[in-house]
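Engineer: sequence? don't have it. structure:
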């Protein structure tokens, strides 16, 4: 056995070839300089061909450390690191140590080289410098079109690199995730992940009276159903679904039926969602639990008052006497005559208000004689002193 001369003063690192021919390699690590010194003890056979394949004059072959070709993509680099980092993680307690690309190397040695290789090749700038100038150029610094690129120094913080990649220090992180957050169900052949289908939405149109009282709507749906227990073939069926409507429900409310959608061997049944949609009412409009209506009155009624009779949403007749002067902003409020407050937990549910505003019908023409009379009436009206409050 004899030692081959080093190509340069930086000492040559030799690694196992994919063909099975390898060099016996020993390592010495200098923690103070954070640079790795390498010694290579080479067998007597095919020394020159081995050196040419390994490109040992350029230092470490980071691609061979990750067990990937030099034209590997970014995804290939990450996948290789993911596989090998878990295998040689110092926290892994294997009864039978897993196979690594270089059996002559200890797990601790390979762990540091693996993280250094990934630290270089996962960074586009460092990878490009390494591809062109090799390890010596990377660790000595090179001149680029954008200026001098400082020398790369490996941090030796392998656990930080591991954590940045896996978001955990633990080598059992994937196993813990699988227990705490189990993956979706799989098919029997375990080749396809079953995902839940998108929601099937359907509108439920409601009259305001239905919203006031609450009701149950019968809705017809068409969906795919399994023919038999083998759950392979499906057939289109029509079903009636009873949709409960709570008193006072608001427009846009979604009523969900879990996994009531189409059956299919490759998907989890979707949810059927009924969306409440309120129909227009000829008399009332809605603002949450309050109801609003507009009543036309004459100019005379607006000035001298009138009896107000209306039918509420519940069918009862509401009566009151309007004695105030009705101006355009005037509103008569009937307390507690609106819709039930759906969010209330009280029984019976409290109700909103019924707000009545007025549209005054002004005459299109007033004869001169009447205008003179009105003028005298209004002069007398405005001459009267207002009572002290």
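Structural biologist: Thanks, I have it. The shown structure was predicted, so the numbers you read here are calculated from the model rather than taken from an experiment.

Engineer: Could you report the distance from residue 228 to residue 235?
Structural biologist: The spacing between residue 228 and residue 235, counted by CB to CB, to the nearest Å, is 10 Å. The C-beta positions use only the backbone N, C-alpha and C, and glycine is treated the same way.

Engineer: got the residue ranges for the strands in the stretch 101-250 of the chain?
Structural biologist: Per DSSP state E, counting those that start in this stretch, the stretch 101-250 of the chain carries strands over the ranges 142-144, 147-149, 195-196, 200-206, 215-226, 234-245.

Engineer: out of these, nearest to residue 303?
Structural biologist: Closest approach to residue 303 among the strands of the stretch 101-250 of the chain (CB to CB): strand 200-206, 40.3 Å.

Engineer: ok so, going back, could the strands of the stretch 101-250 of the chain be laid out in CSV, adding distance to residue 91?
Structural biologist: Listed next are the strands of the stretch 101-250 of the chain as CSV, based on distance: least, CB to CB, whole Å:
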stretch, distance to residue 91
strand 142-144, 37
strand 147-149, 35
strand 195-196, 34
strand 200-206, 47
strand 215-226, 47
strand 234-245, 49
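
Engineer: Minimum distance to residue 279: which of those has it?
Structural biologist: Between those, strand 200-206 lies closest to residue 279; by CB to CB that is 5.6 Å.

Engineer: Please list the residues outside the closest one that contact it.
Structural biologist: With CB atoms under 8 Å, 6 or more residues apart in numbering as the test, strand 200-206 has contacts from 215, 217, 219, 221, 223, 243, 245, 249, 254-255, 261-262, 270-279.

Engineer: can I get the strands of the stretch 101-250 of the chain in a markdown table with distance to residue 299 and mean neighbour count?
Structural biologist: Formatted as a markdown table, the strands of the stretch 101-250 of the chain follow (distance: least, CB to CB, whole Å; neighbours: other CB atoms under 10 Å):
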| stretch | distance to residue 299 | mean neighbour count |
| --- | --- | --- |
| strand 142-144 | 88 | 12 |
| strand 147-149 | 87 | 11 |
| strand 195-196 | 64 | 12 |
| strand 200-206 | 38 | 14 |
| strand 215-226 | 42 | 13 |
| strand 234-245 | 43 | 12 |
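
Engineer: List the residues that contact the residue nearest the centre of the chain.
Structural biologist: The centroid of the chain falls nearest to residue 198 when counting by CA atoms, centre = their mean (14.6 Å). Residues near residue 198 by CB under 8 Å, 6+ apart: residue 270.

Engineer: gap between residue 335 and residue 318?
Structural biologist: Taking CB to CB, one finds residue 335 at 11 Å from residue 318.
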